[in-house]
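**Q** I need the structure of the sequence given here:
(one chain, ligands or ions: 2)
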Amino acid sequence: MKPTRDDAMKLLLEYNESDALIQHALQVEAAMIHFANYFNEDVDMWSVVGLCHDLDYEKYPEEHCKKTRLILEENNWDEEYIRGIVSHGWPSCTDEKPESIMEKTLYTVDELTGIINAACLLRPSKSVLDLELKSLNKKFKDKKFAAGCNREIILNGVEMLNIEKNIVFEETIKGLQERAEICGLKGNV
Ligand SMILES: [Fe+2]
Ligand SMILES: [Fe+2]
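**A** Numbering: from 1, shown residues only. Ligands and ions are numbered 1, 2, ... in the order given. Next up, the predicted model:
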């Protein structure tokens, strides 16, 4: 079946209690919605895929992506959604490589939104609304900053997308700005 956002939200809350993980899901969703519009693709599908991409991570970190595939199959989700989600774990958690534009986007913005989130929390405003590309680039270059966010994956993803890195970064910031409140990045601006 083609899941709705409500279906996705229900599953997300069923499998996740951590505020940080739910916020991460909402941030990745925000970026996915923005890029779906940017590429003129299916906004509803990209939103659902963003929300549920780390569905299994809290309860089954050792089986990341693999467990999500089983859960979504049990829920009769269409393969396009399942593959879309699972391929973000390539190559460490799955052999399914990102192929479609949706998969390549998810692969890229997953780690990138992580750096943006960390960068925002350090700002006096605690907000993405006044975050500029220049300061994101500075944080990106500082390997010690948000060291858990894999720069290599981001650069690899940018290359897959075949779009200039600064454009990908800028559009991702925009996506988070558009949904700043819902994804916890409004801060005190
Ligand atoms: Fe993941
Ligand atoms: Fe993630």
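
**Q** nearest spatial neighbour of the residue nearest to the spatial centre of the chain, skipping sequence neighbours?
**A** By C-alpha atoms, centre = their mean, the chain has its centre lying nearest to residue 28, at 2.8 Å. Leaving out its chain neighbours, the residue that sits closest to residue 28 by C-beta to C-beta, 6 or more residues apart in numbering is residue 50, at 4.4 Å. C-beta: built from backbone N, CA, C; applies to glycine.

**Q** that neighbour: which element?
**A** Following DSSP states H and E, the helix or strand that holds residue 50 is helix 43-51.

**Q** next secondary structure after that helix?
**A** According to DSSP H and E, the helix or strand after helix 43-51 is helix 66-74.

**Q** mind listing what's buried along that following helix?
**A** Judged by neighbour count (16 or more other C-beta atoms under 10 Å), helix 66-74 contains these buried residues: 67, 68, 69, 71, 72.

**Q** kindly report the same for stretch 115-133.
**A** Using 16+ other C-beta under 10 Å as the test for burial, stretch 115-133 gives 115, 116, 117, 119, 120, 123, 127, 128, 129, 131.

**Q** name the surrounding residues that touch whichever strand or helix holds residue 166.
**A** Under the criterion DSSP H and E, the helix or strand holding residue 166 is helix 165-178. When contacts are defined by C-beta atoms under 8 Å, 6 or more residues apart in numbering, helix 165-178 is touched by residues 27, 30-35, 38, 108-109, 112-113, 116, 128-129, 131, 133, 136-137, 140, 155, 157-158, 161, 183, 185.

**Q** tell me where this protein has helices.
**A** Using DSSP state H, the helices assigned to the chain run over residues 5-15, 19-38, 43-51, 66-74, 79-86, 101-122, 133-141, 151-161, 165-178.

**Q** quick one, the fifth one and helix 101-122 angle?
**A** Orientation note: helix 79-86 sits at an angle of 40 degrees relative to helix 101-122 (axes from the mean of the first three to the mean of the last three C-alpha atoms, to 10 degrees).

**Q** who does helix 79-86 touch, helix- and strand-wise?
**A** For helix 79-86, the contact count by 3 or more C-beta pairs under 8 Å, 6 or more residues apart in numbering; DSSP states H and E identifies helix 43-51, helix 66-74, helix 101-122 as packing neighbours.

**Q** want to throw the ones you listed into TSV with mean pLDDT and distance to ligand 2?
**A** Compiled in TSV, these are given as follows (pLDDT from 0 to 100; distance: least, C-beta to the ion, whole Å):
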stretch	mean pLDDT	distance to ligand 2
helix 43-51	98	9
helix 66-74	98	11
helix 101-122	98	4
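
**Q** so what's the nearest residue to residue 59 once chain neighbours are set aside up against?
**A** Using C-beta to C-beta, 6+ apart and skipping the chain neighbours, the partner closest in space to residue 59 is residue 15 (5.9 Å). Residues in contact with residue 15 (C-beta under 8 Å, 6+ apart) are 55, 56, 58, 59, 71.

**Q** next one: the helix holding residue 50 to chain centre, how far?
**A** Average the C-alpha atoms of helix 43-51, do the same for its chain, and the two points are 10 Å apart (C-alpha atoms, centre = their mean, to the nearest Å).
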